[in-house]
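> just coords:
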């Protein structure tokens, strides 16, 4: 088992047993490591301590829910200015496939793809010359299935296995240095409504959650929560288009294309990242 797989297995174990508050020794034993070695490994690859991850898992989701249902954009802007939170819409540029491109079904487009290990599980990433067009967890479905869906959406494109070309997508999320390009482009195909929903998701700040109702109201369509949910579920780019930040108004998790345990894992990792000091300062902290 490689190190990334150990971290993912440990996170999944903590998600499953969060109510029981497993000890550091118990989680370490689950991945066949000593507590000391596991603590250092987890901090190195996840960027947070196991303690921080478990604390984030047990936070009441309602406390992270944006309180003002009227204005996602206003709330996001305020947080970005005063709270130091990086806003996705300042960094991620979403470009929709043009009608002409859609009509050509990807003819002449070269799509590069690769599978990459991350602390949250392995992901398949695909990019066009204009940006990321697909990202999904391969433990929830197979890489072949994701590629088949991609080929169906871009039937006249050419798919090339070139993980060295797609590595930057994962490095921008997980690299310890957090060095990121000035902008990161997404190149997606969807209906006008889906594109609008995905753009709204980009305004939800890291460490915050929004409800389907919030998004519907932000779009000026307060009665379209169900349609919003369908569009969120159709998100083609996991993590970068943060559909994991959308929950039900009650605080319940709602759905997630990659499974509810994965949604809990991603939310906890992200919230803990926002709260965590440099990992080295917590290496020997009591669990």
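Received the coordinates, thanks. Keep in mind the model is a prediction, meaning the values are calculated, not measured. Residues are numbered from 1 along each chain as shown.

> Which parts of the stretch 101-250 of the chain are helices?
In the stretch 101-250 of the chain, helices defined by DSSP state H, counting those that start in this stretch lie at 143-153, 163-174, 192-201, 212-218, 225-233, listed in chain order.

> avg pLDDT for the longest one?
Which is helix 163-174. Helix 163-174 comes out with an average pLDDT of 93.

> Find the nearest non-adjacent residue to residue 54, please.
The spatially closest residue to residue 54, leaving aside those adjacent along the chain, is residue 14, at 5.4 Å (C-beta to C-beta, 6 or more residues apart in numbering). From N, CA and C alone the C-beta is placed, and that goes for glycine too.

> Could you verify that the one you found is part of a helix?
Yes: assessed with DSSP: H, G, I helix; E, B strand; the rest coil, residue 14 lies in a helix.

> returning to what we had before: and residue 184, which of the helices of the stretch 101-250 of the chain is closest to it?
Residue 184 lies closest to helix 163-174 among the helices of the stretch 101-250 of the chain, at 6.1 Å (C-beta to C-beta).

> Please identify the deepest-packed of the helices of the stretch 101-250 of the chain.
helix 212-218 (a mean of 23; mean count of other C-beta atoms under 10 Å).

> Check which helices and strands that one sits against.
Judged by 3 or more C-beta pairs under 8 Å, 6 or more residues apart in numbering; DSSP states H and E, helix 212-218 is in contact with helix 72-82, helix 192-201, helix 225-233.

> any idea how far it is from the chain center?
20 Å (C-alpha atoms, centre = their mean, to the nearest Å).

> Also stretch 15-33?
Chain-centre distance of stretch 15-33: 23 Å, with C-alpha atoms, centre = their mean.

> just for the stretch 51-200 of the chain, where's the confidence low?
Where the stretch 51-200 of the chain drops to pLDDT under 70, the residues are 60-91, 176-182.

> if you set the cut-off to 80 instead, what comes out?
59-93, 98-102, 140-141, 175-183 (pLDDT under 80).

> Give me the buried positions along the helix with the most length in the chain.
Ordering each helix of the chain by length in residues (DSSP state H) puts helix 260-275 first. Using 16 or more other C-beta atoms under 10 Å as the test for burial, helix 260-275 gives 262-274.
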